[in-house]
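Novice: Return a 3D structure for these sequence lines:
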Amino acid sequence: MSLPIFGQKNRSRKKEANLKSEALEFQLENETLAINTELQIAIFQKEELNELLNLYDQQVTRLDDMLELLEAALANSSADIEEVLRLQNERLMYQKQRAGTLADIQIINEKIMYLTQNE
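Specialist: Residues are numbered from 1 along each chain as shown. Next up is the predicted model:
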C-alpha cells in the first residue's frame, strides 16, 4: 500500500524512467543510422577506388603497348630515345598512383570490416 503523499513522486519517477528509456532508444537508433551511413559512404568510396584502379590498369597496359612499339622503332633507329624515356616515366607515374589507390582500397576494406564486425 502506498501513501497518497508519495503517489506523485512515484508517478514522476515512472515517467522519468520511461523518458530516459525512450531517450536511450533514440540514441541507439541515431548511432545505428550513423554507422550505416558511414558504411554506405565507405562502400561508395571503395567502388570509386576500384573504378580508378581499373583506369590505371588500362592506362599502364596502353603505355606498355606503346613502349613495345617505340622500343622496336628505336631498334630500327626511327624513334627518339627521349620519347621512350618519357613514356616510361609516365608508366611509372601511373604505377605509383595505382599503388596508392591499392593502399586506399585496403584502408577502406579495413574500415568496412570494422563497421560490419559488430552487427
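Novice: quick one, helices of this structure?
Specialist: For the chain, the helices defined by DSSP state H occupy 4-75, 81-116.
Novice: and these, which is most packed in?
Specialist: Highest mean neighbour count among these (mean count of other CB atoms under 10 Å): helix 81-116, with a mean of 14. For glycine as for every other residue, the C-beta is placed from the backbone atoms N, C-alpha and C.
Novice: From residue 95, how far off is residue 83?
Specialist: Residue 83 sits 19 Å away from residue 95, taking CB to CB, to the nearest Å as the criterion.
Novice: now swap in residue 41 and tell me
Specialist: Residue 41 is 28 Å from residue 95, by CB to CB.
Novice: now the chain, which segments are flagged as low pLDDT?
Specialist: By pLDDT under 70, the weakly predicted segments of the chain are 1-6, 118-119.
Novice: which residues touch stretch 43-50?
Specialist: Contacts to stretch 43-50, defined as CB atoms under 8 Å, 6 or more residues apart in numbering, come from residues 101, 104, 105, 108, 109, 112.
Novice: ok, now with 10 Å
Specialist: Stretch 43-50 has contacts (CB atoms under 10 Å, 6 or more residues apart in numbering) with 100-109, 111-112, 115.
Novice: Run the chain-centre distance for that stretch.
Specialist: Centre-to-centre, stretch 43-50 and its host chain are 6 Å apart (CA atoms, centre = their mean, to the nearest Å).
Novice: With stretch 11-19 instead?
Specialist: So, by CA atoms, centre = their mean, the centroid of stretch 11-19 is 44 Å from its chain's centroid.
Novice: could you dump it to CSV, C-alpha only?
Specialist: Written as CSV, here are the backbone C-alpha positions of stretch 11-19 (Å, rounded to 0.1, in the frame of the first residue of the first chain):
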residue,chain,number,x,y,z
ARG,A,11,4.4,8.7,-11.0
SER,A,12,7.1,11.2,-11.6
ARG,A,13,9.8,8.5,-11.2
LYS,A,14,8.0,6.2,-13.6
LYS,A,15,7.6,9.0,-16.1
GLU,A,16,11.3,9.9,-15.7
ALA,A,17,12.3,6.2,-16.2
ASN,A,18,10.1,6.0,-19.3
LEU,A,19,11.6,9.2,-20.8
